[in-house]
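A.B. asks: Whatever this is, show me its structure:
(one chain, ligands or ions: 2)
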Amino acid sequence: MQNVPHLDLSPEVSSALGAGQPVVALESTIISHGMPYPQNVQTALAVEDIIRQNGAVPATVAVIGGRLKAGCTRREIEYLGRQGTNITKASRRDLAMLAARGMDGATTVTTTMIIAHMAGIQVFATGGIGGVHRGAETTMDISADLEELAQTPVMVICAGAKSILDLGLTLEYLETKGVPVLGYGTDELPAFYTRRSGFKVDYRVDTPQELAAVFRTSRELGLAGGMLVTNPIPEEYSMEPDVINAAIGQALAEAKAQGIHGKETTPFLLARVKDLTGGDSLASNIQLVFNNARLAARTAACLADAR
Ligand code: PSU
Ligand code: MN
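C.D. replies: Ligands and ions are numbered 1, 2, ... in the order given. Okay, the predicted model is just below:
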């Protein structure tokens with residue numbers, strides 16, 4: 001762990017890391033901006049339970065009162081969930097300001113990676129990452145998540161990315177930045193709600209042991225960046241491509257018509273897709289996060305075993 005004056009480890013996370021036990025980081029923008037209350041809080045707490053059941057300690061990451069938290073209490077998770085979009089969605093550029101002013105922030109993939117790395121946590125589970133937006137060739141809207149994957153050595157386990165993004169350009173960007181994109185049990189990049197996208201990942205990996213081995217090797221080689229593990233949604237919870245693509249198409253058109261831009265874009269699209277598909281997409285979203293949490297806990301356990 002780096003000595004960072006603004007960082008607080010929860011007692012459970014601190015003792016697990018000190019004893020070399022597996023820890024899995026979790027983001028908080030998915031709580032505040034990614035799901036409605038109260039499902040967001042129920043899901044966040046259930047994800048923590050799943051990580052424990054699979055042999056690791058969960059560390060939900062957030063900024064609370066200016067403190068960078070690796071490990072939130074139930075009360076803090078409840079607070080983030082109730083506040084929802086009132087909480088600042090905190091990316092890399094927001095961290096110093098929030099810490100200096102003693103403010104709250106919900107951490108995206110980017111800031112969760114930063115804080116996990118400060119704390120000494122190597123594995124992070126979430127739902128979907130940000131990427132290159134459709135039309136980025138003119139808007140230049142490319143998520144900071146991709147830059148963070150290029151520079152911060154944390155393994156991010158997700159269900160791919162939603163096709164609110166340009167998945168092909170997202171893969172091109174990750175290739176340029178030297179970020180390995182691994183498919184768990186698949187050769188194909190999953191598209192969050194669906195198991196297939198038509199785009200190939202770099203490598204297929206079939207076990208948590210091998211995920212741990214590749215990550216460890218990357219560190220031994222002194223490579224700077226992280227690693228993206230894409231884990232397809234379980235078949236029984238996956239959605240009809242036509243249904244989800246129609247909702248995504250409409251959400252994108254509304255965002256354009258309303259001039260939504262900057263950090264509002266992703267939360268707007270996520271909320272509209274959820275509304276347009278009723279509760280179905282939310283149920284799928286919850287299940288894929290559970291699935292990623294299980295894999296992350298097992299992978300973190302393999303990393304800890306090999307120490
Ligand atoms: N994609 C999802 N669900 C999410 C997010 C993205 O399917 O909750 C959140 C994550 O916190 C991610 C952030 O890091 O949005 C990316 O935002 P932006 O596109 O503004 O970089
Ligand atoms: Mn953006």
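A.B. asks: Ramachandran coordinates for the most centrally placed residue in the chain?
C.D. replies: For the chain, the residue sitting closest to the mean C-alpha position, by CA atoms, centre = their mean, is Thr126 at 3.4 Å. Note on Thr126: its backbone torsions stand at phi -150, psi -170 [degrees, to the nearest 10].
A.B. asks: give the contact list for it.
C.D. replies: Leu26, Glu27, Ile30, Val109, Thr112, Val156, Ile157, Cys158, Val289, Asn292 (CB atoms under 8 Å, 6 or more residues apart in numbering). Bear in mind the C-beta positions are built from the backbone N, C-alpha and C, glycine included.
A.B. asks: same thing but 10 Å
C.D. replies: Contact analysis of Thr126 by CB atoms under 10 Å, 6 or more residues apart in numbering lists 25-27, 29-30, 34, 47, 108-109, 112-113, 145, 156-159, 288-289, 292-293, 296.
A.B. asks: just Ala300 next, same as before
C.D. replies: 16, 21-25, 51, 54-57, 121-125, 155, 157, 208, 211-212, 215 are the contacts of Ala300 under CB under 10 Å, 6+ apart.
A.B. asks: Return the subset of these lying in helices.
C.D. replies: Among the contacts of Ala300, the members found in helices (DSSP state H) are Ala16, Ile51, Pro208, Leu211, Ala212, Phe215.
A.B. asks: what does the chain put close to ligand 1?
C.D. replies: 27, 29-30, 34, 108-110, 127-130, 143-145, 162, 192, 263, 266, 270 (CB under 6 Å from any ligand atom).
A.B. asks: follow-up on the earlier one: among the contacts of Ala300, which ones are buried?
C.D. replies: 16, 21-25, 51, 54-57, 121-125, 155, 157, 208, 211-212, 215 (16 or more other CB atoms under 10 Å).
A.B. asks: show me where the stretch 201-307 of the chain has strands.
C.D. replies: 203-205, 227-230 (DSSP state E, counting those that start in this stretch).
A.B. asks: Please identify the most buried of these.
C.D. replies: strand 227-230 (a mean of 26; mean count of other CB atoms under 10 Å).
A.B. asks: Which other helices and strands does that strand contact?
C.D. replies: strand 123-125, helix 144-151, strand 155-158, helix 167-176, strand 181-184, helix 208-220, helix 280-305 (3 or more CB pairs under 10 Å, 6 or more residues apart in numbering; DSSP states H and E).
A.B. asks: which stretches of this protein have low pLDDT?
C.D. replies: Scanning the chain for pLDDT under 70 picks out 1-2.
A.B. asks: So in it, which strand runs the longest?
C.D. replies: As assigned by DSSP state E, the longest strand anywhere in the chain is strand 57-64.
A.B. asks: Taking helix 280-305 as reference, get the angle to that strand.
C.D. replies: Strand 57-64 runs at 120 degrees relative to helix 280-305, counting by axes from the mean of the first three to the mean of the last three CA atoms, to 10 degrees.
A.B. asks: Indicate each strand paired with strand 57-64 and its parallel or antiparallel sense.
C.D. replies: strand 23-26 (parallel), strand 67-70 (antiparallel), strand 105-107 (antiparallel) (DSSP bridges).
A.B. asks: wait, which of the strands of the stretch 201-307 of the chain is closest to Pro11?
C.D. replies: Taking CB to CB, strand 227-230 is the member of the strands of the stretch 201-307 of the chain nearest to Pro11, at 28.8 Å.
A.B. asks: Parallel or antiparallel, list what pairs with that closest one.
C.D. replies: Applying DSSP bridges, one finds strand 227-230 paired with strand 155-158 (parallel), strand 181-184 (parallel).
A.B. asks: for the ones you listed, which one sits closest to Arg67?
C.D. replies: strand 155-158 (23.2 Å).
A.B. asks: next one: the closest one to chain centre, how far?
C.D. replies: Remark: strand 155-158 is offset 7 Å from the chain centroid, using CA atoms, centre = their mean, to the nearest Å.
A.B. asks: I'd like the C-alpha coordinates of that strand written as CSV, please.
C.D. replies: This file holds the C-alpha atoms of strand 155-158, laid out as CSV (Å, rounded to 0.1, in the frame of the first residue of the first chain):
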residue,chain,number,x,y,z
MET,A,155,-7.5,-6.3,-13.2
VAL,A,156,-11.0,-5.2,-14.1
ILE,A,157,-13.6,-7.9,-14.4
CYS,A,158,-16.7,-6.8,-16.3
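A.B. asks: coming back round to it: for Val229, find the nearest of the strands paired with strand 57-64.
C.D. replies: That would be strand 23-26 among these, by CB to CB, at 12.3 Å.
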